[in-house]
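[1] Here's a sequence, model it:
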Amino acid sequence: MSSVSFRCPHCGLSLVSGERTWSCPSGHQFDRAREGYVNLMVGGRLAGGPSGDDDTMVRSRRAVFEAGCYDPIIDAVGAAAKASGATSILDAGCGEGTYLARACAAGAEGWGIDLSKVAVRLAARKYQQCEFAVASVYRLPFADASFDAVIDVFSPRPFDELFRVLRPGGVALVVTPGADHLARLKALVYDRPRPHAADDTAPPAELVQRVQFTVALDDVVLRRQLLEMTPYWWSTTDERRELVERELTSVDADMVLTHYRKLSSPSMPR
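    Just a heads-up that it's a prediction; the model follows:
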């Protein structure tokens, strides 16, 4: 039996999984969707706020991943999770689930949360071996020290909350864009593209891996999907979108995979 469980967003007690619901001892119940996920977003400061990535962005990202375009970074995250020896892994901001599924390929138990209901639905439909919920990375629906490893890929990084759900000795695997990530795409979209800024709020790192590779985009549909999976799609014009589809035959990916270790010392982030 798993030692991990979702936590009730109302009272904080552990939720017990049933065939059609998750329920807590206080009597709060949450229905499983047909795809198997559960929605744990109830009230709070995020009510009425952003609902995460939309259907077009999520499905385009799934298509780009299935085409193998991002395999180097997906494989790097999976290898790091396997090397950590983790038996329970949370993906905080799991999107459509590919990174979590690869990280759990060696048999680890996988849990994923995301603010986007359409992303969680797509993840739960394909990766039925994992548990998924609609929830916020700023209020993870898990007890303290629940996981051996936490993944965070291009998602908000509230380190106090990520470390809270990590067990002592556990590792947070965080992927952020490098300074030159998708530079060619940005040059086609913006007149004055700016490099990605480093995160100065992060705790000391145990290991930093630079993952760089070139994505071949021979297919015009794939070029459009790559643009659609990024926030750049919403901040550009139809003319610039057509320019990307016409000219972006390849693009360089530049990503940073950083390992953060939660030690038992009380001075470490919790």
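
[2] residue contacts, Asp114?
    Listed by C-beta atoms under 8 Å, 6 or more residues apart in numbering, the contact set of Asp114 reads 52-53, 93-95, 120, 123, 132, 134-135. Heads up, the C-betas are built off the backbone N, CA and C, glycines and all.

[3] My error: substitute Arg224 in the last question.
    Neighbouring residues of Arg224 by C-beta under 8 Å, 6+ apart: 60, 241, 244-245.

[4] again, only this time at 6 Å
    Arg224 makes contacts with Glu245, as judged by C-beta atoms under 6 Å, 6 or more residues apart in numbering.

[5] now the helices for the stretch 101-250 of the chain?
    Applying DSSP state H, counting those that start in this stretch to the stretch 101-250 of the chain gives helices spanning 117-126, 159-164, 183-189, 220-228, 238-247.

[6] can you tell which of the ones you listed is closest to Ala105?
    Shortest distance between Ala105 and the helices of the stretch 101-250 of the chain, using C-beta to C-beta, is found for helix 117-126: 13.9 Å.

[7] what about the helices of the stretch 101-250 of the chain, which gets the closest to Ile89?
    With C-beta to C-beta as the criterion, Ile89 lies closest to helix 159-164 of the helices of the stretch 101-250 of the chain, at 12.5 Å.

[8] Now do the buried residues in that closest one.
    Neighbour-count burial for helix 159-164 flags 159, 161-164 (criterion: 16 or more other C-beta atoms under 10 Å).

[9] Now the two most distant members of these.
    Phe159 and Arg164 (9.4 Å).

[10] For stretch 190-205, measure first residue to last.
    From its first residue to its last, stretch 190-205 covers 32 Å (C-alpha to C-alpha, to the nearest Å).

[11] and the contacts of Asp114 as TSV, adding pLDDT and neighbour count?
    Shown next, in TSV, are the contacts of Asp114 (pLDDT from 0 to 100; neighbours: other C-beta atoms under 10 Å):
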residue	pLDDT	neighbour count
Gly52	76	20
Asp53	86	22
Gly93	97	23
Cys94	97	30
Gly95	97	26
Val120	97	29
Ala123	98	30
Phe132	98	28
Val134	97	22
Ala135	97	25
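
[12] ok, those residues vs Arg194, which is closest?
    Using C-beta to C-beta, the contacts of Asp114 come closest to Arg194 at Asp53, 22.1 Å.

[13] what's around the spatially closest residue to that closest one that is not a sequence neighbour, how many residues?
    Nearest in space to Asp53, with sequence neighbours left out and distances taken as C-beta to C-beta, 6 or more residues apart in numbering, is Ser116 at 4.5 Å. As a burial measure, Ser116 scores 22 neighbours (other C-beta atoms under 10 Å).

[14] Show me where the stretch 151-270 of the chain has its strands.
    For the stretch 151-270 of the chain, the strands defined by DSSP state E, counting those that start in this stretch cover 166-177, 207-216, 250-261.

[15] Comparing the ones you listed, which comes out most buried?
    Each of those was scored by mean neighbour count; the highest is strand 166-177, a mean of 21, by mean count of other C-beta atoms under 10 Å.

[16] With just CA atoms, put that strand into PDB.
    Output of strand 166-177 as PDB, limited to C-alpha atoms (Å, rounded to 0.1, in the frame of the first residue of the first chain):
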ATOM      1  CA  LEU A 166      10.300  16.200   0.300                       C
ATOM      2  CA  ARG A 167      11.700  13.600   2.800                       C
ATOM      3  CA  PRO A 168      15.100  14.300   4.400                       C
ATOM      4  CA  GLY A 169      17.700  13.300   1.800                       C
ATOM      5  CA  GLY A 170      15.200  13.700  -1.000                       C
ATOM      6  CA  VAL A 171      16.000  15.700  -4.200                       C
ATOM      7  CA  ALA A 172      14.300  18.400  -6.100                       C
ATOM      8  CA  LEU A 173      15.000  18.200  -9.800                       C
ATOM      9  CA  VAL A 174      14.300  21.700 -11.300                       C
ATOM     10  CA  VAL A 175      14.400  22.500 -15.100                       C
ATOM     11  CA  THR A 176      14.700  26.100 -16.100                       C
ATOM     12  CA  PRO A 177      15.500  27.800 -19.500                       C
END
